[in-house]
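Chemist: Provide a 3D model corresponding to the input given below.
(one chain, ligands or ions: 1)
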Amino acid sequence: MSEQHEANRAFWNASAEWWKEREDRRGLWRTCHENPSLVVSPAEMPFLQGVRGQAVCVLGSGDNEIAFALAGLGGRVTSVDISEQRLEIARERARTLGLDVDFVQSDVTDLRDLHDDAFALVYTGGHVSVWVSDLRRFVSEAVRILRPGGVLVISEYHPIRRLWLEAEGPRLGRRYFERGPYRYTTEEGLPTFEYHWTVSDHIQAAVDAGCRIVKVDEYGEETEGESWAESGLDKLPTYLLVVGKKDKERT
Ligand SMILES: C[S@@+](CC[C@H](N)C(=O)[O-])C[C@H]1O[C@@H](n2cnc3c(N)ncnc32)[C@H](O)[C@@H]1O
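Modeler: Numbers count the residues shown, from 1 in each chain. You can find the predicted model right below:
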């Protein structure tokens, strides 16, 4: 694991309790298996709803709301995250809900514990790619574990939002094409490393990994109420959706 990913792992482990409390207040993890549309957007739903009986994988699963929604839709879910602490919290929640989810601790750029051609669907999103230093390797691992004809869903916060990180008033804080790494230090003194992948970086990574792109969408106009997200973001897209099918010929 790279030094940057190791630092990010330590950060996610250290902040797991904080996220747990926030997610408990939101409460979605308790009901999203019964009502997947609480956490699956209308744009994503056509690609997730046919998973009954199929092996599916969520990469960078975090709060596991998508993983639980996929379990509720009948998928046989493998949930992958770099943070042992976040996985432990999700494992306990799955037990509470009676959901059968397989949890795997792994860096998404090295999924050696997962077999080639194993899954009908691989989903990642909700701020995962920003933590990953090598997007092409991440996506190529995601496609490696997909079966031929399987579906890759990348459902990220729109990269354009990152331009307003550390912005002052209407002045942009970041350049679109400056991928990073961006080093931050938490209040507790922990370093973290983030990356700004562009729209075309996500699409091209899927194409180069052997996917035929079947859907690209940009949608939503909400801000998250985060301090960095206040500057005119309500007029910009919130989400980027890239869906590919693993090419049968390249395998
Ligand atoms: C902002 S969350 C996104 C997931 C989910 N949408 C959520 O909001 O909880 C980012 C997640 O990615 C995980 N993560 C960060 N870097 C990773 C890596 N290199 N490999 C696997 N997981 C990673 C973190 O541990 C965290 O759970």
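
Chemist: near the ligand, which residues of the stretch 151-251 of the chain?
Modeler: For the stretch 151-251 of the chain, no residues are found near the ligand under the criterion CB under 6 Å from any ligand atom. (Each C-beta comes from the backbone N, C-alpha and C, glycine too.)

Chemist: Show me the strands in the stretch 51-200 of the chain, by range?
Modeler: 55-59, 76-81, 101-105, 119-125, 146-157, 182-185, 191-194 (DSSP state E, counting those that start in this stretch).

Chemist: which strands and helices sit next to the helix or strand of the chain with the lowest mean pLDDT?
Modeler: Lowest by mean pLDDT, DSSP states H and E among the helices and strands of the chain is strand 182-185, with a mean of 94. Where contact means 3 or more CB pairs under 8 Å, 6 or more residues apart in numbering; DSSP states H and E, strand 182-185 is packed against strand 191-194.

Chemist: quick one: low-confidence parts of the stretch 151-251 of the chain?
Modeler: Along the stretch 151-251 of the chain, segments meeting pLDDT under 70 span 166-170, 223-234, 250-251.

Chemist: change it to 50
Modeler: Within the stretch 151-251 of the chain, the ranges that satisfy pLDDT under 50 run 251.

Chemist: still on that earlier bit, the strands of the stretch 51-200 of the chain into TSV, with extra columns for distance to residue 220 and mean neighbour count?
Modeler: Shown next, in TSV, are the strands of the stretch 51-200 of the chain (distance: least, CB to CB, whole Å; neighbours: other CB atoms under 10 Å):
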stretch	distance to residue 220	mean neighbour count
strand 55-59	20	26
strand 76-81	24	25
strand 101-105	27	17
strand 119-125	13	25
strand 146-157	9	21
strand 182-185	24	12
strand 191-194	21	18
